[in-house]
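*Asks:* this is the structure alone, sequence omitted:
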């Protein structure tokens, strides 16, 4: 059976693997309170348990995408599955927070190895551009819907099993994907000899150092008593290493990322939209799922079900947006998706005090899922279709780095905004100042367990009110970021139209000269 004739089966296989990757980015959101309690993890460790995975993925994606162009996408896909399955076992049985962070980092290595191959294999399997747009739409709906589905999966598993089950469930799916890959996806026909020679691991290390330094700087600023010197040092380190990375890419004959692609307005607009959509989706979901459990008292399963409208709508939005791309254009669809997302975020803020399962909140979350799903679909198409075929792996890496780094920023930036606003708005009376509740709402809940009923009720009331102040600050920040991204995409579209007009006029003048 030729690859073209089984292209939809191939799409199903890579979508299965992608679902594992993106679900693991958010599956801990509903598991986090239970996991933090069982492993006695500190607030800092809790954030690293969430962030270690996405940071490693984002730091390695550029390198593994370029490696896929050298070694073949099928080979990288299979290697990534093996690493991912092994790391899932290690994470499921981690005895402490430190081991879990290490296992999450190894999970990130596996995800980074196979993720660029998913998009590159789709591009290779769908030569027809209209079919490819629909296929990428399905890929994007899995990416956005799967990330939104993570808390639901975590909630369902925690209702019946221990927290390690959120990782153990990956293993049989990895095994099935491996068997299907061997059976249905043929080996790549490389245009050059497969080799690691000349692989630029230095640039990959630089990219990771720049991202980790930026996240450390943001997190330090969010602490109750931040070290401004350390935050500034990390920020400067991030900027310097990023500048060195850019200079290295411009000087190398075969860079990890062809920075000149960013001169294409459609490509740049897609990257911006993917980053901000991921920030909004991942960051807001983290904060919202925590509020459902820590403030409203919902169980992990109840919290997961309350978030369900987001992934359902995102899954629906992807294929529809892929179909609509040829009719409305990439820029218009990106703008529409961002604006719909901004409206939904505003509505979610205003519906703060409505019930978790009210029709109003269900509708708002569904609209948010539609907006984010459409944005990521259009952004993925913009990035993939702007790059030449020989850079398919590189383009896939850029798109996925945008999405993964957006997820990292969502957790780091919006999580830090929440921590900062919670701490600044929590004013404790003298009898409660020694409880440590200012470290975070998890600390407040633990402290309340040891207090007399009246003092515990007072502490919980203050902590819940402070958390809601933080939630409002997070939503405001997310809306501002989404609207700024929409403005940037609109300006890039205008610049692209001007470039096209100038090019058309230049061509006309050249024709008249002949």
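*Replies:* Thanks, I have it. Values in this document were obtained by computation on a predicted structure and should not be read as measured data.
*Asks:* now residue 98. Nearest residue, chain neighbours left out?
*Replies:* Nearest residue to residue 98 in three dimensions, chain neighbours excluded: residue 45, at 7.8 Å (Cβ to Cβ, 6 or more residues apart in numbering). (C-beta placed from N, C-alpha, C; glycine too.)
*Asks:* where's the residue nearest in space to the middle of the chain, which helix or strand?
*Replies:* Central residue of the chain (Cα atoms, centre = their mean): residue 407, 3.2 Å from the mean position. According to DSSP states H and E, residue 407 maps onto helix 392-409.
*Asks:* I'd like the next helix or strand past that helix.
*Replies:* The first helix or strand that comes after helix 392-409 along the chain, using DSSP H and E, is helix 415-425.
*Asks:* from the contact counts, what lies against that next one?
*Replies:* Helix 415-425 sits against helix 201-221, helix 284-294, helix 453-513, with contacts defined as 3 or more Cβ pairs under 8 Å, 6 or more residues apart in numbering; DSSP states H and E.
*Asks:* for it, what is the average pLDDT?
*Replies:* Average pLDDT, helix 415-425: 80.
*Asks:* use 883 as the first number from now on
*Replies:* Sounds good: first residue 883 from here, last item helix 1297-1307.
*Asks:* what angle do it and helix 1083-1103 make?
*Replies:* Angle, helix 1297-1307 to helix 1083-1103, by axes from the mean of the first three to the mean of the last three Cα atoms, to 10 degrees: 20 degrees.
*Asks:* what is the helix or strand hosting residue 1250 packed up against?
*Replies:* Here residue 1250 sits within helix 1241-1268, counting by DSSP H and E. Judged by 3+ Cβ pairs under 8 Å, 6+ apart, helix 1241-1268 is in contact with helix 979-1007, helix 1011-1042, helix 1147-1160, helix 1191-1210, helix 1212-1232, helix 1274-1291.
*Asks:* out of the ones you listed, which one sits most buried?
*Replies:* Mean neighbour count (mean count of other Cβ atoms under 10 Å) peaks for helix 1274-1291 among the helices and strands packed on helix 1241-1268, with a mean of 28.
*Asks:* local confidence estimate at the nearest residue to residue 1264 once chain neighbours are set aside?
*Replies:* The shortest distance from residue 1264 to any non-neighbouring residue, by Cβ to Cβ, 6+ apart, is to residue 1152 (3.0 Å). According to the prediction, residue 1152 has pLDDT 83.
*Asks:* also residue 1361?
*Replies:* 90.
*Asks:* could you do residue 1008 as well?
*Replies:* pLDDT, residue 1008: 75.
*Asks:* for it, grab phi and psi.
*Replies:* phi -120, psi 90 (degrees, to the nearest 10).
*Asks:* now residue 954
*Replies:* Main-chain torsions, residue 954, degrees, to the nearest 10: phi 110, psi 140.
*Asks:* and it, how close does it get to residue 1145?
*Replies:* Distance, residue 954 to residue 1145, by Cβ to Cβ, to the nearest Å: 29 Å.
*Asks:* name the residue in the two with the higher neighbour count.
*Replies:* Counted by other Cβ atoms under 10 Å, residue 954 and residue 1145 do not tie: residue 954 has more neighbours, with 19 against 10.
*Asks:* just the pLDDT for the more buried one.
*Replies:* 73.
*Asks:* kindly report the same for residue 1029.
*Replies:* 68.
*Asks:* for the residue lying closest to residue 1175 once chain neighbours are set aside, what is the enclosing helix or strand?
*Replies:* Distances taken as Cβ to Cβ, 6+ apart put residue 1185 closest to residue 1175, at 5.1 Å, once the chain neighbours are dropped. Assigned by DSSP H and E, residue 1185 belongs to helix 1182-1189.
*Asks:* give me the angle between that helix and helix 1011-1042.
*Replies:* Here helix 1182-1189 runs at an angle of 150 degrees relative to helix 1011-1042 (the same axes, to 10 degrees).
*Asks:* packing partners of helix 1182-1189?
*Replies:* helix 910-921, helix 1011-1042, helix 1166-1176.
*Asks:* save those helices as CSV, and put in distance to residue 1323 too.
*Replies:* CSV is the format used below for these (distance: least, Cβ to Cβ, whole Å):
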stretch, distance to residue 1323
helix 910-921, 10
helix 1011-1042, 17
helix 1166-1176, 5
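*Asks:* for residue 1128, which of those helices is the nearest?
*Replies:* helix 1011-1042 (26.6 Å; Cβ to Cβ).
*Asks:* show me what contacts the nearest residue to the residue nearest to the centre of the chain once chain neighbours are set aside?
*Replies:* Excluding the flanking residues, the one nearest residue 1289 by Cβ to Cβ, 6+ apart is residue 1164, at 4.1 Å. Going by Cβ atoms under 8 Å, 6 or more residues apart in numbering, residue 1164 touches 907-908, 1029, 1288-1289, 1292-1293.
*Asks:* biggest separation within those, which pair?
*Replies:* Most distant of the contacts of residue 1164, by Cβ to Cβ, are 908 and 1288, 12.6 Å apart.
*Asks:* returning to what we had before: what strand or helix carries the residue nearest to residue 980?
*Replies:* With DSSP H and E as the test, residue 927 turns up in helix 925-953.
*Asks:* how many residues are close by residue 968?
*Replies:* 17.
*Asks:* how much space separates it from residue 1055?
*Replies:* Noted for residue 968: a distance of 14 Å to residue 1055, by Cβ to Cβ.
*Asks:* repeat that for residue 1046.
*Replies:* Counting by Cβ to Cβ, the separation of residue 1046 from residue 1055 is 16 Å.
*Asks:* kindly report the same for residue 1211.
*Replies:* 36 Å.
*Asks:* which one's more surrounded, these two?
*Replies:* residue 1055 (18 against 14).
*Asks:* quick one, what contacts the closest residue in space to the more buried one that isn't next to it in sequence?
*Replies:* Distances taken as Cβ to Cβ, 6+ apart put residue 902 closest to residue 1055, at 5.9 Å, once the chain neighbours are dropped. By Cβ under 8 Å, 6+ apart, residue 902 lies in contact with 966, 1052, 1055-1056, 1059.
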